[in-house]
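1. Below are the sequence and a predicted model for it; my questions follow.
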2 protein chains.
Amino acid sequence: MLLLNASRAPMSESTSQAEGPARRNLVDKLLAGDRRALARIISIVEHAGPEGRAALVKLYPHTGRAQIVGVTGPPGAGKSTLVNELALELRRRGRTIAIVAVDPTSPFTGGSILGDRIRMQPLGGDSGVFIRSMASRGQLGGIARATGDVVKVFDAAGFDVIVVETIGAGQAEVEIAREAHTTVVVEVPGLGDDVQAIKAGILEVADIFVVNKADREGAESCRRQLQMMMRLGTPVPGAPGEGWEIPVLTAVATRGEGIGGVADALEGHWRFLHESGRFVERERERAVRELHAIVQNMALDFVRARVPRAQRDEIVAHIQRRALDPYTGAEQLLADALGVAGPT
Amino acid sequence: MLLLNASRAPMSESTSQAEGPARRNLVDKLLAGDRRALARIISIVEHAGPEGRAALVKLYPHTGRAQIVGVTGPPGAGKSTLVNELALELRRRGRTIAIVAVDPTSPFTGGSILGDRIRMQPLGGDSGVFIRSMASRGQLGGIARATGDVVKVFDAAGFDVIVVETIGAGQAEVEIAREAHTTVVVEVPGLGDDVQAIKAGILEVADIFVVNKADREGAESCRRQLQMMMRLGTPVPGAPGEGWEIPVLTAVATRGEGIGGVADALEGHWRFLHESGRFVERERERAVRELHAIVQNMALDFVRARVPRAQRDEIVAHIQRRALDPYTGAEQLLADALGVAGPT
C-alpha cells in the first residue's frame, strides 16, 4: 500500500512540458557543482510530479558512482551524532558527503523535528558536505520513494558518499537501508527487551555494527552478544553478506571516539562489494525493484486515466457493501482499462 | 517498493483451481466457528498465492463487522502485556477478541521472537481469544499485505475486536495502524530524545493515548505533555480525528491497572466513528487503498506474463549501464505488455 502515495506522472504525460530552458539550466548548474541548484532540484524531486521526473531522467546517466550508506538502529542510539562525526572524518579523508536524514514531521508545527539548523552547526560552510532532512509530512508511503530519488540527485551531483539516516527501526526503515550499498546498524547498551526483537529484524541487513555510547555500562556485553550472534549465525548461502565478516565496532560518537574505525569499515565494505562482484549484483536487484515500482505506479495512473471516475467509484461502493471482493474488483478495473471483457 | 513482495496470483490465473470441495469445506468450517479451520486458513492466507486468494474471495462477503484496533508505540512500552490484559477485560465484557502480533523474525533461529507459547498462557483454553504472531521472515514488504489479509480472516470468523499489535514504531507500523478503525498509541515515561521525534510521526494516527508503566517516575509529566500537545494542536480540518477528543489515559498493565479505561475508550471511539459518519468514510478510503494496491500487483504480474524474460532483462541491463533511465524503461515495458509502440 505504500506505493499509492508515490504515484508519478501518468504514462500519457510527456516530460517535454518541464524541459524548458530554465529547468535544463538548473540541471546543468547542478552537474557543474552549483549547490543552490542542487537544493532547488531536491525540493522539486521530493514532490513527485512531472517536473521532478524530468529532472531525474536527465540526471540518471550521471548516477552510479557514489557509495550509498544506510544508517539505522533503535531510537536513542545516537545515530545523528555518529553520522555528523563520520561526515567530519570522511571530509578529513578528502571525500565529499551528503546526508539524507529521514525524519518524521510534527503534525502540529508542520516542521521537521530535527532541524537542518541544529545538524549543520559543526559542518556549516563546507561545500563538501550537504545535509537534507526528509520529512514525511503525513505522506507515509512516499518517503521510501522520495528518499531514493533524492539519493539519485546527490549521486549525480558527484558526492562520494551518501548517508541515509533513518530515525525509526521499523520495517520501512529497514527497507530504506536495504537500498543502500552498505548498511550500518547502530546499537546501544541497555535499551530493554523489545530492542532485542527489533535487532533481529535488522540483523539481516547489517553490513557493519556499531555499539555506540560504548562508555556506558553493558557496552562490552552488548558488543560480545552481537559478535556471538554474528559468529553463530549460519548465513543463508547466497545472502547479501556472504563472504564478508560483519565487524562489530564500538564508538562514543559524542567524543568522536571510534569514528575512524567506522570510516575504515565503510571503505573496506566498498572494496569487498567490488572485488567480490556483489556490487553489480546489488545494483541489478535495485534496478529491478525500482523498475517494478515505477511500472506499478504507471499502471495505476493508466487505469485511473482510462476508467471514468464514476465507474471506479461504483466498484469501490460494491466492495464496501461486500457485494464484490477487492480482487475481482481489481480484475474488473484492469479489464476495463485494457478494453477487454471482464472475468465475470 | 514494499508491494513487490506482496504480489498475488496473475490475472490470467483463475481461482477455480483452488475451489475443490476440500478447500470450500475449510471456509465453511471457519464460518461455522471451527478454530482449527481458522488456523489453517490463516496459514494459507499468510503465504500469498492463488489458494489464499480463493479463500479471501469467499470470506470477503462475511467481513466488515469487527472493530479493528491498532496498538503501536516505541519499543519497551509494554504493548504486549497491555494487549493481553485488554483481551481479558474484553472477554469479561462478553466480547471475542483476536490478536495479530506483528513480530520480526530472527534470521538465525527462523522462529518468531515472541512465541505464541508465552503470550497464550493467561488466555489459553478460551476459544473467545485467538492470538497469531505474524513473522516477517525476511519478506519485509509483505507484512502489511499479510496483516490486512489475516485481519479479514478473523473478521469473517466473527471476532468482535481484532487487535493488530506492532512491535516497532516505524513508518510501516504506522501504515499498519492507519488501516485500523481505532489506533491506540502506548507511551512510556523516560525513553530518551529520539522517542519524542517518533511520537510526532505517530501522533497523526493516534485515537487513544495510553501512558503505560504509570508507576514510574515521570509518568505524570509524560501524560501532561501529551495532553498539552493534544490541546495545543489544531488538527487539520477534515483530519481523521476531527470531532473526537483524544483521551490520554494511564495504565500499569503488569498489575492490570487502567485497563478498564482503555476498554471504555475503545467502545467510545467505536460509537463516535458510527455516530459521526466517520466509519463509512474510513471504510471507503480503506477500500480504495486496497483496490489500488491489488491493481498495482496484478498489473506487474500482467507485464511479467506478457513481456518475455529476455526482453525485461535487457531493459534492466540498459538501466544498470545508465543507458536508459528507469522511467523510460517502465514506459517501454508497459507499452510492450500492451502491444503498442513505445514512447521512444
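-> That came in fine, so what should we check first? Numbering: from 1, shown residues only, chains lettered A, B, ... in the order given.

2. For stretch A:69-87, give the mean pLDDT please.
-> Mean pLDDT, stretch A:69-87: 86.

3. Regarding it, how distant is the last residue from the first?
-> Taking CA to CA, to the nearest Å as the measure, stretch A:69-87 stretches 12 Å from start to finish.

4. before we move on, what about stretch A:72-80?
-> Using CA to CA, one end of stretch A:72-80 lies 10 Å from the other.

5. Report the distance from it to the chain centre.
-> How far stretch A:72-80 lies from its chain's middle: 16 Å, per CA atoms, centre = their mean, to the nearest Å.

6. Go through it and flag the buried ones.
-> Neighbour-count burial for stretch A:72-80 flags A:Thr72, A:Gly73, A:Pro74, A:Pro75, A:Gly76, A:Ala77, A:Gly78, A:Lys79, A:Ser80 (criterion: 16 or more other CB atoms under 10 Å in any protein chain shown). Just so you know, the C-beta spots here come from the backbone N, C-alpha and C atoms, and that holds for glycine as well.

7. can you pull out the helices in the stretch 51-200 of chain A?
-> A:79-92, A:116-120, A:142-156, A:171-178, A:193-203 (DSSP state H, counting those that start in this stretch).

8. weakest of those helices in terms of mean pLDDT?
-> Least confident of the helices of the stretch 51-200 of chain A, judged by mean pLDDT, is helix A:116-120 with a mean of 43.

9. Can you name the residues that contact A:Leu86?
-> Going by CB atoms under 8 Å, 6 or more residues apart in numbering or on different chains, A:Leu86 touches A:Ile97, A:Val163, A:Ile259, A:Val262, A:Ala263, A:Leu266.

10. Could you rerun that using 7 Å?
-> A:Ile259, A:Val262, A:Ala263 (CB atoms under 7 Å, 6 or more residues apart in numbering or on different chains).

11. that's a helix at the second one, yeah?
-> If I follow you right, that is A:Val262. Yes. Assigned with DSSP: H, G, I helix; E, B strand; the rest coil, A:Val262 falls within a helix.

12. What does the pLDDT read for it?
-> For A:Val262, pLDDT reads 98.

13. I'd say it and A:Val210 touch.
-> Yes. Contact criterion CB atoms under 7 Å: A:Val262 and A:Val210 qualify, at 5.9 Å.

14. More neighbours: those two, which one.
-> Neighbours were counted for A:Val262 and for A:Val210 using other CB atoms under 10 Å in any protein chain shown; A:Val210 has more, 31 against 27.

15. Doesn't A:Asp28 lie inside a strand?
-> No. Using three-state DSSP, the assignment for A:Asp28 is helix, not a strand.

16. For A:Phe159, see how far away it is.
-> Distance, A:Asp28 to A:Phe159, by CB to CB, to the nearest Å: 18 Å.

17. tell me which residues in the longest helix belonging to chain A are buried?
-> Secondary structure of chain A per DSSP state H: the longest helix is helix A:278-306. Within helix A:278-306, the residues that count as buried by 16+ other CB under 10 Å are A:278-279, A:282-283, A:286-304, A:306.

18. out of those, which touch chain B?
-> Near chain B, taking CB under 7 Å from any CB of the partner chain as the test, the members of the buried residues of helix A:278-306 found are A:283, A:287-296, A:298-300, A:303.

19. List every C-alpha atom in stretch A:211-228, with coordinates, as CSV.
-> Extracted in CSV, the C-alpha atoms of stretch A:211-228 (Å, rounded to 0.1, in the frame of the first residue of the first chain):
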residue,chain,number,x,y,z
VAL,A,211,27.8,-0.2,19.5
ASN,A,212,27.6,3.5,20.3
LYS,A,213,27.8,5.1,23.7
ALA,A,214,30.4,2.4,24.4
ASP,A,215,31.4,4.2,27.7
ARG,A,216,28.1,3.1,29.2
GLU,A,217,27.6,0.1,31.4
GLY,A,218,26.8,-3.1,29.4
ALA,A,219,28.6,-1.9,26.3
GLU,A,220,31.1,-4.7,26.3
SER,A,221,28.4,-7.4,26.8
CYS,A,222,26.3,-5.8,24.1
ARG,A,223,29.3,-6.0,21.7
ARG,A,224,30.1,-9.6,22.7
GLN,A,225,26.5,-10.6,22.2
LEU,A,226,26.3,-9.2,18.8
GLN,A,227,29.6,-10.7,17.8
MET,A,228,28.4,-14.1,19.1
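
20. Appreciated, that's everything.
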